[in-house]
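[1] model the following, please.
(2 chains)
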Protein chains: 2
Amino acid sequence: MNDFDFEEERIKKEIIRVAAKRVLLQLPEGLKPEAPNLAQAIMQANALPIISADPCYGACDIAISEAESLGVDLIVHVGHAEFVRQARVPTIYVEAKAKVSVDKVVRQALPLLTDYKKIGIATSVQHLQELNRINEILIESGKTVLIGNFGQLAYAGQVIGCNYSNVVSIAPEVEAFLFVGGGLFHGLGVALSTSKPTVIADPYDNKAFSVSEEAKKILSQRWAGIQEAKGAKAFGIFVGLKPGQRRFEQALYVKDLAEKHGRAAYLFAAREITPELILEFPSLDAYVNTACPRVSLEAPKKFSKPMLTVNEFMVVVGDISWENMLKKGLFGN
Amino acid sequence: MNDFDFEEERIKKEIIRVAAKRVLLQLPEGLKPEAPNLAQAIMQANALPIISADPCYGACDIAISEAESLGVDLIVHVGHAEFVRQARVPTIYVEAKAKVSVDKVVRQALPLLTDYKKIGIATSVQHLQELNRINEILIESGKTVLIGNFGQLAYAGQVIGCNYSNVVSIAPEVEAFLFVGGGLFHGLGVALSTSKPTVIADPYDNKAFSVSEEAKKILSQRWAGIQEAKGAKAFGIFVGLKPGQRRFEQALYVKDLAEKHGRAAYLFAAREITPELILEFPSLDAYVNTACPRVSLEAPKKFSKPMLTVNEFMVVVGDISWENMLKKGLFGN
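    Sure, this is the predicted structure:
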């Protein structure tokens, strides 16, 4: 856990500045083990820390109503940049910048990019401070580099789980993407959003690899889900209950569209959309998820019924072709 | 699902009476498959139904903030009697009375009660209308019957997952208990709360059986958890986020007590306290759950660390003996 900057001094200063008495500490899975240490820092600033133990996958899931119900003065949200503008509870975002160097792994990625000249680069908020360095290494090796800045996210070149607009916006001019960061999740997001060859440079495992095969596999699963949903008589349309996942009007639009196409449609509300949860509704045939599009994609085999993104549902009812949907991006929203 | 009365006509009348436009429909696991049918009844009253898909185990979990965030005018909460007094969102409780007869299974239970003369009877809200009938059958067979009414619950003789005060209040005068209802859950609750021989008469499976062995097994697991927690250096104290599970002052009290006994203690907030969730905090040794005491008891083997009730924590720090704690009830709160 020493690999990240948790900005303890800034947290303490802010607590003192706003004279916070109770602080809700929210970290994503993976960084949660650091919570007791950060709680101690909060105590040093004479505030009472409360660790949020519920799952948290993004800044869409900022614990506003939880903070209000606990009488909290300040939320410390770790691991993500601001996503939901809100003034209900003062909030500081600790982006948890990684201290790991990316030089070595970016050089390892170069052989996988030999066929391509124009490279789009992207990273998660943890490595944004390395964006110039990544750029330099690629330019030194003769590449042309593009960094997208579509204006929907906090920073140029940044991607988050449900928003790849920065890479989508430069995809037409790019031959391949390089994503720098840990795990498969974001690199897959880049590949699925852009349909471009995508290489991940993971500075934690010190491995560089292509995700194109994995993306193909997921696309074929998505295609199969769409085909299955074409025969569905009754749809469940999910509205998310997390602050940045609540798209009620979109859910109503999908419901009307389903009914216009002769299907029964029911609105569902949920905080966490899980495979277990839909087992309780055996009379429904398929679902559309307006909350978190990644939930649909990450566990496609685990859901017992198709769990479609809104764009995929448009393919089901014939309002858009599969090919055009792929151009928009599977989970563009 | 025809085994329960979902009071569709009352639901429709109430929607029309309060002129509700959006209705949030909340059912516990097990009754959720009925949701689409009830949604249709709501549509017949010209309101838009939204089915709450999140887990719901009791009326403690009334979806108030969810309803507010969705702009809902009326909550229809099925399967439980009112538990949380609140005026934020108009709510109707549909108790889902079972239509099944209990006569046969209560007679089947009689041979298991031959050694006892004074019998306490209890049931869940689904079968309360049969309480007089259960009483009659026992009296006909020569028993003395007691029905507790401690005043904390909506009805005499009623038990809910976290409140067995109606049976605890009559336990000193009773030789054995008969619980009438489905499954192990409530019968176990009676046995664990009272330490009395307890027989379940399950009218769905048409089976009568003693839960004393199962209760003993759970008690030995609880004892083992308490012993393990005696060596714990760092405790996590859970505050529940569900409206009827939020006991902040109690959690603070437990935290202070832990610190007074030389342990580190951190407050945690969570909506669902699950075995997966505590895996994220490897530096903690044991937990105290002030939210839902049944969560601690139902999955004792699945939690990787001790997950104690507040009463069990009192045994850990030596403020009460195991024997006296059992007299108070494992999860009395």
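[2] I'd like to know how far A:Thr123 sits from chain B.
    25 Å (CB to the nearest CB, to the nearest Å). Where C-beta positions appear, they are placed from N, C-alpha and C, glycine not excepted.
[3] repeat for A:Glu7
    Computed as CB to the nearest CB, the A:Glu7 to chain B distance reads 20 Å.
[4] which residue, other than its chain neighbours, is closest to that residue?
    Excluding the flanking residues, the one nearest A:Glu7 by CB to CB, 6 or more residues apart in numbering or on different chains is A:Val94, at 5.1 Å.
[5] so what's the one you found up against?
    A:Phe6, A:Glu7, A:Arg10, A:Ile11, A:Val76, A:His77, A:Val78, A:Gly79 (CB atoms under 8 Å, 6 or more residues apart in numbering or on different chains).
[6] correct me, but A:Ala191 touches A:Thr198?
    Yes. Look at A:Ala191 against A:Thr198 with CB atoms under 8 Å: they come within range, at 3.9 Å.
[7] which neighbours do those two share?
    A:Phe177, A:Val211, A:Ser212, A:Ala215.
[8] for chain B, state which of those residues is nearest.
    A:Val211 (26.5 Å; CB to the nearest CB).
[9] and the stretch 201-333 of chain A, which residues reach chain B?
    Applying CB under 8 Å from any CB of the partner chain, one finds that the stretch 201-333 of chain A approaches chain B through A:234, A:236, A:238-239, A:241, A:246, A:248, A:264, A:266-273, A:277-278, A:280-284.
[10] ok, now with 6 Å
    A:Leu241, A:Tyr266, A:Leu267, A:Phe268, A:Ala269, A:Ala270, A:Arg271, A:Leu277, A:Glu280, A:Pro282, A:Ser283 (CB under 6 Å from any CB of the partner chain).
[11] secondary structure class for the second one?
    Reducing the assignment at A:Tyr266 to three states with DSSP: H, G, I helix; E, B strand; the rest coil gives strand.
[12] that one: what's it in contact with?
    A:Gly236, B:Pro36, B:Ala39, B:Ile51 (CB atoms under 6 Å, 6 or more residues apart in numbering or on different chains).
[13] what bridges to it?
    Applying DSSP bridges to A:Tyr266 gives these bridge partners: A:Gly236.
[14] any idea of the pLDDT on it?
    The model reports A:Tyr266 with a pLDDT of 98.
[15] how close does it sit to B:Asn37?
    Going from A:Tyr266 to B:Asn37 by CB to CB, to the nearest Å gives 11 Å.
[16] now do the third one
    Remark: distance between A:Leu267 and B:Asn37 (CB to CB) = 15 Å.
[17] settle it for me: which of the two has more neighbours?
    Neighbours per residue (other CB atoms under 10 Å in any protein chain shown) separate A:Leu267 from B:Asn37, with A:Leu267 holding more: 23 against 12.
[18] which bits of the stretch 51-200 of chain A sit near chain B?
    For the stretch 51-200 of chain A, the contact set with chain B under CB under 6 Å from any CB comprises A:Ile51, A:Ser52, A:Ala53, A:Asp54, A:Ser65, A:Glu66.
[19] related to what we said a few turns ago, the residues of the stretch 201-333 of chain A next to chain B in strands, which ones?
    When DSSP state E is applied, those are split such that A:Tyr266, A:Leu267, A:Phe268, A:Ala269, A:Ala270 fall in strands.
[20] tell me the contacts of the closest residue to chain B within the stretch 51-200 of chain A?
    Per CB to the nearest CB, A:Ala53 is where the stretch 51-200 of chain A lies closest to chain B, at 4.2 Å. Listed by CB under 6 Å, 6+ apart, the contact set of A:Ala53 reads B:Phe268, B:Ala270, B:Leu277.
[21] circling back to that earlier point, A:Gly30: which of the residues of the stretch 201-333 of chain A next to chain B is nearest?
    A:Arg271 (19.8 Å; CB to CB).
[22] need the nearest residue in space to that closest one, chain neighbours excluded.
    A:Arg271 sits nearest to A:Leu241 (CB to CB, 6+ apart), 4.5 Å away.
[23] just to check, that neighbour is in contact with B:Glu66?
    Yes. If you go by CB atoms under 6 Å, A:Leu241 and B:Glu66 touch, sitting 5.4 Å apart.
[24] pLDDT below threshold where in chain A?
    Chain A contains residues with pLDDT under 70 at A:1-2, A:299-301, A:332-333.
[25] biggest helix in it, by residue count?
    When chain A is parsed with DSSP state H, its longest helix is helix A:212-230.
[26] buried set for it?
    Under the neighbour-count criterion of 16 or more other CB atoms under 10 Å in any protein chain shown, helix A:212-230 has A:Ser212, A:Glu214, A:Ala215, A:Ile218, A:Leu219, A:Arg222, A:Gly225, A:Ile226, A:Ala229 buried.
[27] which of the residues you listed sit farthest apart?
    For those, the farthest-apart pair by CB to CB is A:Ser212 and A:Ala229; their separation is 25.8 Å.
[28] number of nearby residues for A:Gly157?
    25.
[29] who are the contact partners of A:Leu308?
    A:Leu308 neighbours (CB under 6 Å, 6+ apart): A:Ala229, A:Val288.
[30] quick one: it from B:Ile15, how far?
    30 Å.
[31] ok and the residue in the stretch 101-250 of chain A nearest chain B?
    The stretch 101-250 of chain A approaches chain B most closely through A:Leu241 (5.4 Å), counting by CB to the nearest CB.
[32] brain fart, the stretch 151-300 of chain A
    Closest point on the stretch 151-300 of chain A to chain B, by CB to the nearest CB, is A:Glu280, at 3.8 Å.
[33] what's the local residue count around that residue?
    When neighbours are defined as other CB under 10 Å, A:Glu280 has 18 of them.
[34] OK, contacts around it?
    Shown in contact with A:Glu280 (CB under 6 Å, 6+ apart): B:Lys32.
[35] cool, the one 5 residues further on as well?
    Shown here is A:Asp285, whose contacts under the criterion CB under 6 Å, 6+ apart are A:Ala232, A:Lys233, A:Ala234.
[36] may I see those organised as a markdown table, with secondary structure and neighbour count added?
    Formatted as a markdown table, the contacts of A:Asp285 follow (DSSP: H, G, I helix; E, B strand; the rest coil; neighbours: other CB atoms under 10 Å in any protein chain shown):
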| residue | secondary structure | neighbour count |
| --- | --- | --- |
| A:Ala232 | coil | 19 |
| A:Lys233 | coil | 11 |
| A:Ala234 | strand | 16 |
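[37] surely A:Ser165 touches A:Gln152?
    Yes. The criterion here is CB under 6 Å, and A:Ser165 meets it with A:Gln152 at 4.7 Å.
[38] higher neighbour count, those two?
    Taking other CB under 10 Å, A:Ser165 and A:Gln152 do not tie; A:Ser165 has more neighbours (20 against 13).
[39] contacts only, for the more buried one.
    A:Phe150, A:Gln152.
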